[in-house]
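1. The following comprises the amino acid sequence and a computationally predicted model.
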Amino acid sequence: MTDDVSPSSGPAYSGPRRILSGIQASGALHLGNYLGALKRFTALQDQGAPCFLFVADLHAITVWQDPALLTAQTREIAAAYLASGLDPARSVIFPQSAVRAHSELAWILNCTARLGWLDRMTQFKEKSGKHKERSSVGLYTYPVLQAADILLYKATEVPTGEDQKQHLELTRDIAAKFNTDFGVPGFFPLPEPLTQGPAPRVMSLRDGSAKMSKSDPSDQSRINLTDDADTIVSKIKKARTDPEPLPETLDGLAERAEARNLVTLYAALADISREAVLEQFGGQGFGAFKPALADLAVQSLAPVTSEMRRLMATPDEIDRVLKDGAERAAAVADPVVDEVKRIVGFWRG
């Protein structure tokens, strides 16, 4: 076996196009998730792309999760998928843990990945901080599980944010090494990052230099997808800003993180450019801009919030979608794992 494999070695994968992504089952989903992921998944589906979208509950338990809450969060994320316009008849929506092949392939790929590759993963260093020895082994190795998630469905494209590009590169390295080690060129694809134009980088309402996050202890830092209209208006009204009016050009936002964030939010919700926002509001103060942004946010999220609340009140409906999705996902995943076992040389009775 070789330790270093060029991702470009061997013939290219020639199978069908597939897109895969997932959202971790921890914490409430927020506006950043909607604009950066859910809205984009729906656009891909509507363009006819074959999408596999899962709730990443195996990834969630790399840190402690309350079991009852984990179940509820799994349903909530599924509800958000559906409320955002994803159609379970066209996209496969399922819980990661319901398809055993994820865990099976992850172990095999753990034996393909190299320790040095994982040592270079910056997210583990960021998440473990000064307490590396107290972190779970799962937190260290979860990039390999992420690779298994992708390769299990032979996904050819993965919607990827800046914070996940390193993990996709690891997936490509693992796929190339497996293909080379076992003499099966082109068996696994080398998945490409999928971009649909720049995703809006949604920042905290309390700190324009930090991403909007479901792990932020301040609920005022984010707009949750389950927030009602009054809460959304209140949070935007209290969002941190500065005393200056909005500039008329983007250059004027360069050193104004909070102002830039609110302009970005308006542009993303209205599906227009930031330049167009400044053409409309440049020279005006936040006393005029914040109410307009709040109205737009409420108008944009109201259908999603309403449908999420309806679905969460009828968990049986969500469970039917997840069960059907898990069965459809397994129908694709199980033959891949069976073939991997044959390639590796496991006993086949």
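-> Right, received. Where do you want to start?

2. Flag the shaky bits of the stretch 1-150 of the chain, pLDDT-wise.
-> Counting by pLDDT under 70, the low-confidence segments of the stretch 1-150 of the chain come to 1-10, 128-129.

3. which helices and strands sit right next to the longest helix anywhere in the chain?
-> Longest helix of the chain, by residue count under DSSP state H: helix 315-344. Helices and strands touching helix 315-344, by 3 or more Cβ pairs under 8 Å, 6 or more residues apart in numbering; DSSP states H and E, are strand 51-56, helix 67-83, strand 92-95, helix 101-110, helix 137-152, helix 286-312. From N, CA and C alone the C-beta is placed, and that goes for glycine too.

4. and the next element down the chain from the first one?
-> It refers to strand 51-56. The helix or strand immediately downstream of strand 51-56 is helix 57-60, counting by DSSP states H and E.

5. For that following helix, give me every contacting residue.
-> With contacts defined as Cβ atoms under 8 Å, 6 or more residues apart in numbering, helix 57-60 is touched by 22, 24-26, 70, 73-74, 95-97, 102-103, 142, 145-146.

6. Scan the residues you listed and report the most crowded one.
-> Ala25 (27 neighbours; other Cβ atoms under 10 Å).

7. Got phi/psi on that one?
-> Note on Ala25: backbone dihedrals following degrees, to the nearest 10 are phi -90, psi 70.

8. Repeat that for Glu157.
-> In this entry, Glu157 is assigned phi and psi values of phi -140, psi 140 (degrees, to the nearest 10).

9. Look up which residues are beta-bridged to it.
-> Counting by DSSP bridges, Glu157 forms beta bridges with Ile19, Glu192.

10. Is it correct that it is in contact with Pro189?
-> No: taking Cβ atoms under 8 Å as the definition, Glu157 is not a contact partner of Pro189, at 9.2 Å.

11. who has more neighbours, the two?
-> Legend: neighbour count by other Cβ under 10 Å for Glu157 and Pro189, higher for Pro189 (24 against 20).

12. how about the nearest residue to the more buried one, chain neighbours excluded?
-> Distances taken as Cβ to Cβ, 6 or more residues apart in numbering place Tyr13 nearest to Pro189, at 3.5 Å, with adjacent residues excluded.

13. swap in Gly325?
-> Taking Cβ to Cβ, 6+ apart as the measure, Gly325 lies nearest to Phe94, with 3.5 Å between them; neighbours along the chain are not counted.

14. burial count for the one you found?
-> Counted by other Cβ under 10 Å, the residues lying close to Phe94 total 26.

15. Likewise for Ala329?
-> The local packing count at Ala329 equals 25, with neighbours defined by other Cβ under 10 Å.

16. from what I can see it touches Ser91, true?
-> No: under the criterion of Cβ under 8 Å, Ala329 lies out of contact with Ser91, with a separation of 10.9 Å.

17. hey, what's in contact with both of these two?
-> Shared contacts of Ala329 and Ser91, defined by Cβ under 8 Å, 6+ apart, are found at Phe52.

18. Does the residue nearest to Pro189 fall in a helix, a strand, or a coil region?
-> Three-state call for Tyr13 (DSSP: H, G, I helix; E, B strand; the rest coil): coil.

19. My guess is it contacts Gly186. True?
-> Yes: shown here, Tyr13 and Gly186 form a contact pair, counting by Cβ under 8 Å, at 5.0 Å.

20. Pick out whichever of these two has more residues nearby.
-> A side-by-side neighbour count of Tyr13 and Gly186, using other Cβ under 10 Å, places Tyr13 first with 17 against 14.

21. would you list every one of the strands in the stretch 101-250 of the chain?
-> 157-159, 192-194 (DSSP state E, counting those that start in this stretch).

22. Pick the most buried one from the ones you listed.
-> strand 157-159 (a mean of 21; mean count of other Cβ atoms under 10 Å).

23. What lies in contact with that strand?
-> The list of residues contacting strand 157-159 from outside it, by Cβ under 8 Å, 6+ apart, reads 17-21, 37, 40-41, 44, 150, 164, 168, 171, 191-194, 196.
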